[in-house]
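Student: Next come a sequence and a model predicted from it.
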Amino acid sequence: AKTVAHAREDIALPPSAVPKFSVADSNHDGKIEWSEAKALKVPKKIFDHDDFDNNGTLNQTEWLFVRLDMTKFTTGPATKAPGPATH
């Protein structure tokens, strides 16, 4: 019998520059204040952008977006972005 190669579902995402919520929430009050995010070198621009309810703190969902924004995604070797065709 042939073995069929299945798509891997355990591929790790690139590491985020910031830790998961439970670690980032250093005072364990269930939200990330700006002081906690700042200590993790999160830019104020990202903190404010991902504070979707504009309450000055980040919940677990909002922090997930911060983690994604702080993740360096690469698609393999650096390739030049396709520009306009010049003939």
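Tutor: Here it is on my side, so go on.

Student: Let me see the contact set for Arg67.
Tutor: Going by C-beta atoms under 8 Å, 6 or more residues apart in numbering, Arg67 touches 16, 18, 20. Quick note: C-beta positions are derived from backbone N, CA and C, even for glycine.

Student: my guess is the first one meets Met70, correct?
Tutor: Right, Ser16. Yes. Counting by C-beta atoms under 8 Å, Met70 is a contact partner of Ser16 at 5.2 Å.

Student: on that earlier part again, would you convert the contacts of Arg67 into JSON lines that also reports neighbour count?
Tutor: As requested, the contacts of Arg67 are exported to JSON lines (neighbours: other C-beta atoms under 10 Å):
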{"residue": "Ser16", "neighbour count": "15"}
{"residue": "Val18", "neighbour count": "20"}
{"residue": "Lys20", "neighbour count": "12"}
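
Student: Inside strands: which ones of these?
Tutor: Of the contacts of Arg67, none are assigned to strands by DSSP state E.

Student: Quick check: end-to-end length of stretch 23-30?
Tutor: Stretch 23-30 has an end-to-end distance of 11 Å (C-alpha to C-alpha, to the nearest Å).

Student: switch to numbering from 646
Tutor: Done: numbering now begins at 646, and the last item shifts to stretch 668-675.
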